[in-house]
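Colleague: Predicted model and sequence follow; I will ask about them next.
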Amino acid sequence: MESKTEDTRVLKDDARKTLEKTFKDLKRKVVIEVFTKDGVNEPYNQLSQKFAAELSEISDKIVVKTFKFGDERSKKMGVTRSPTILIDPDHYRIIYTGAPAGEEGRSFIQTILMVSRDDSMLSNKGRKRLAELRDKRHIQVFVTAACPYCPGEVQNANAAAIERPDLVVSEVVESAENLDLAKQFNVGSVPQTVINGKIINIGMQQEEMFIEGLITLVPHEIPKQETAKDDVLGDVDLIIVGAGPAGLTAAIYAARAGLHAIVLEKSVPGGQVAITPLVENWPGMISVPGKQLVDLMVAHAKTYAHIHDGEEVLEIKVGNRIEAVTLNGRYLGNALLLATGATHKKVGVPGEDRLYGKGVSYCATCDAFFYKDRKVVVIGGGNTAMTDALYIDSIGAKVTVIHRRDALRAEKRLVDSVIERKIPILLNSIVTEIKGDKNVESVAIKDVLTGKESTIETDAAFVAIGETPISGLAASVGVETDEAGFIVVDKEMRTSIPRIYAAGDVTGGVRQIVTATGTGATAALTIFNDLTSGKWTRRKE
């Protein structure tokens, strides 16, 4: 057999080296079965076969078997789509309908590890709740290769299938490879979770929310309850809340200064950079996909500090020590850094909330794929809006930009690119309503100069009109914020409350990746100086 070269491999050398270390933790053999049908999704068939084969080359505990449609095994396992991958099918029902391309490769590897250990890695609370399930559940999580939030939701589903193999089937559906199935469930935003044929959620959920929805078959919110306040999960010098560029940089600088730091992130590391299609203003890189830049930052930060993703801080308590309270317990620190960032701002018009996930989106990277060769509007005039417009145009959609001012606010290079591509721009225009029955069908706009109203037919509305600071935690303990809700800090990133600091987009100002990392570094060094100056006592080892 002809040996593979680096260029023809799915897994490049750096990925193979990482997986060699990762797969040393495999406890038992895991069988991966790949099913394909000639002439159907052929590029993805090849990708699935090569990916699985290369995994088996890395570890002898991964056994790959290939099958064709129509044979006895495919009939027995009920396989109906090509490609389909089953992970350890004699023990669990975990199905990848479509090749685990892009971001979903991460969930695939994590699932292999969990299966090899026969451990769902759910919290004790999640295991107890899931033990109450009495009826069968078929979970379908619709994903796209570029969605950074999808692997988190997939991991929820696969963990449930491992914890309750008697009742739970987990199916990961690659939307690009199964458009008919995506259309059947009206998928317009990912991740979208369907259970027993019913749409339960759009977006990534925390474990508890996911399990409640799985059991009740209704969209669920985390019930208000007392947390396990007596469980101290960490005792450190510095608690960092938020794993965006500011928080990750702060973790690196704090650790290098000798501080014991921990990072708590309610979602996935990376912040808004993770969903930025292309970054063109990061020094040293002419252009780099946002997710790739984030992965480099996360990998770097993990060499210095523990990053707990999916760990939302619900409350802060300030006393002799600072406490960060989560659903799982509490963390103690001598200082706390708020690097919670900002979130998308809504237009605030009729139809926006009702049609979210059905054409209304705040993440072009995640959802633009669904509108290839269709009509799309981008609402906004800043850097994010122009980046989104260029990205959506690049995949073949017909884009129109709508901006309320008489000139775009984005960098000249981005504006020039939009003009060069002849993307229509409506200035001095505001969206007054997003219309549609089950999906977005049009937007009503108004000329702010003349008052003239009109309607634009569109299949999607991507909103990029600015950011709202995530500063609720700060406000809850009396940290000073400005009129817009941004945390007020001095030049060394101190807030109005001693031992609480802030950095990144939550502090306002120039909200760019490079400035976020700068404020994160400044904050870490300030915290080190403050804690070692004798003003506050350092934590005893």
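Modeller: Noted; the coordinates are in hand.
Colleague: so where's the stretch 201-350 of the chain shaky on pLDDT?
Modeller: Applying pLDDT under 70 to the stretch 201-350 of the chain flags residues 220-230, 277-278.
Colleague: So which residues of it form helices?
Modeller: 207-216, 245-256, 290-302 (DSSP state H, counting those that start in this stretch).
Colleague: May I see those helices arranged in TSV, with distance to residue 87 and mean neighbour count as well?
Modeller: C-beta: built from backbone N, CA, C; applies to glycine. Output for the helices of the stretch 201-350 of the chain, formatted as TSV (distance: least, CB to CB, whole Å; neighbours: other CB atoms under 10 Å):
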stretch	distance to residue 87	mean neighbour count
helix 207-216	19	21
helix 245-256	31	27
helix 290-302	24	19
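Colleague: These: which one's closest to residue 476?
Modeller: helix 245-256 (18.8 Å; CB to CB).
Colleague: The closest one to helix 290-302, inter-axis angle?
Modeller: Angle, helix 245-256 to helix 290-302, by axes from the mean of the first three to the mean of the last three CA atoms, to 10 degrees: 20 degrees.
Colleague: Please name every helix or strand in contact with helix 245-256.
Modeller: The contact analysis (3 or more CB pairs under 8 Å, 6 or more residues apart in numbering; DSSP states H and E) places helix 245-256 against strand 232-241, strand 261-265, helix 290-302, helix 513-532.
Colleague: what are the phi and psi angles of the residue of the chain positioned farthest from its centre?
Modeller: Distance from the C-alpha centroid of the chain, by CA atoms, centre = their mean, peaks at residue 450 (41.2 Å). For residue 450, the backbone dihedrals (degrees, to the nearest 10) come out as phi -100, psi -20.
Colleague: Three-state assignment for the residue lying closest to residue 58 once chain neighbours are set aside, please.
Modeller: Of all residues not flanking residue 58 in the chain, residue 19 sits nearest, at 5.1 Å (CB to CB, 6 or more residues apart in numbering). Here residue 19 takes the helix state, with states given by DSSP: H, G, I helix; E, B strand; the rest coil.
Colleague: contacting residues for residue 19?
Modeller: 11, 55, 58-59, 109 (CB atoms under 8 Å, 6 or more residues apart in numbering).
Colleague: how many neighbours does residue 529 have?
Modeller: Neighbour count for residue 529, taken as other CB atoms under 10 Å: 12.
Colleague: how close does the residue positioned nearest the centre of the chain sit to residue 384?
Modeller: Compute the mean C-alpha point of the chain, and by CA atoms, centre = their mean the closest residue is residue 149, 2.6 Å away. Going from residue 149 to residue 384 by CB to CB, to the nearest Å gives 17 Å.
Colleague: for the residue farthest from the centre of the chain, what are its contacts?
Modeller: Taking CB under 8 Å, 6+ apart as the criterion, residue 450 is in contact with no other residue.
Colleague: Tell me who's in contact with the closest residue to residue 486 other than its chain neighbours.
Modeller: Nearest non-adjacent residue to residue 486, counting by CB to CB, 6+ apart: residue 508, 3.4 Å away. Listed by CB under 8 Å, 6+ apart, the contact set of residue 508 reads 469, 482, 484, 486-487.
Colleague: Need the phi and psi values for residue 508.
Modeller: phi 80, psi -150.
Colleague: Counting neighbours, what do you get for residue 281?
Modeller: 14.
Colleague: So it is in contact with residue 510, correct?
Modeller: No. The criterion here is CB atoms under 8 Å, and residue 281 misses it with residue 510 at 11.4 Å.
Colleague: pretty sure the residue nearest to the centre of the chain is in contact with residue 268, am I right?
Modeller: Yes. Using CB under 8 Å, residue 149 is in contact with residue 268, at 6.2 Å.
Colleague: Residues that sit against both of those two, list them.
Modeller: With CB under 8 Å, 6+ apart, residue 149 and residue 268 have common neighbours residue 204.
Colleague: before we move on, what SS does residue 405 have?
Modeller: coil.
Colleague: Check residue 153 too.
Modeller: Going by three-state DSSP: residue 153 is helix.
Colleague: follow-up on the earlier one: which one of the helices and strands packed on helix 245-256 lies closest to residue 35?
Modeller: helix 290-302 (29.3 Å).
Colleague: Specify the beta-bridge partners of the closest residue to residue 81 other than its chain neighbours.
Modeller: With sequence-adjacent residues excluded and distances taken as CB to CB, 6+ apart, residue 81 is closest to residue 97, at 5.2 Å. Under DSSP bridges, the beta-bridge partners of residue 97 are residue 84, residue 173.
Colleague: now residue 97: how far from residue 177?
Modeller: Where residue 177 is concerned, residue 97 sits at a distance of 8 Å (CB to CB).
Colleague: Of those two, give the one with the bigger neighbour count.
Modeller: residue 177 (24 against 21).
Colleague: you'd agree that one is up against residue 99?
Modeller: Yes. Using CB under 8 Å, residue 177 is in contact with residue 99, at 6.7 Å.
Colleague: Name the residues contacting each of those two.
Modeller: Common neighbours of residue 177 and residue 99, counting by CB under 8 Å, 6+ apart, are 44, 83.
Colleague: How is this protein partitioned into domains?
Modeller: Domain ranges of the chain: 13-216, 232-343+467-532, 360-463, per automatic domain parsing.
Colleague: Quick one: end-to-end length of the second one, please.
Modeller: From the first residue to the last, domain 232-343+467-532 extends over 24 Å; the measure is CA to CA, to the nearest Å.
Colleague: Then the shortest one?
Modeller: Here the two ends of domain 360-463 are set 7 Å apart, with distance taken as CA to CA.
Colleague: what's the most distant pair in the contacts of residue 19?
Modeller: For the contacts of residue 19, with distances taken as CB to CB, the pair at the greatest spread is 11 and 59 (12.2 Å).
Colleague: before we move on, back to that, please report phi then psi for the residue nearest to the centre of the chain.
Modeller: Dihedral angles of residue 149 (phi, psi; degrees, to the nearest 10) stand at phi -90, psi -20.
Colleague: what number of residues lie near the closest residue to it other than its chain neighbours?
Modeller: Nearest residue to residue 149, sequence neighbours excluded (CB to CB, 6+ apart): residue 204, at 4.2 Å. Applying other CB under 10 Å, we find 24 residues neighbouring residue 204.
Colleague: any idea how far residue 173 is from residue 204?
Modeller: 16 Å.
Colleague: again, but for residue 373
Modeller: To residue 173, residue 373 is 21 Å away according to CB to CB.
Colleague: State the distance from the residue nearest to residue 58 to residue 64.
Modeller: Taken as CB to CB, the span from residue 19 to residue 64 is 14 Å.
Colleague: Residue 373 and residue 173: which is more packed in?
Modeller: Set residue 373 next to residue 173 and count neighbours by other CB under 10 Å: residue 173 wins out with 25 against 9.
Colleague: how about the helices and strands packed on helix 245-256 in TSV, adding distance to residue 183?
Modeller: Formatted as TSV, the helices and strands packed on helix 245-256 follow (distance: least, CB to CB, whole Å):
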stretch	distance to residue 183
strand 232-241	40
strand 261-265	34
helix 290-302	26
helix 513-532	36
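Colleague: Just say which of these is most tucked in.
Modeller: Across the helices and strands packed on helix 245-256, averaging neighbours per residue (mean count of other CB atoms under 10 Å) puts strand 261-265 on top, at a mean of 25.
Colleague: Tell me how many other residues surround the closest residue to residue 20 other than its chain neighbours.
Modeller: Using CB to CB, 6+ apart and skipping the chain neighbours, the partner closest in space to residue 20 is residue 58 (5.7 Å). Using other CB under 10 Å, residue 58 has 17 neighbouring residues.
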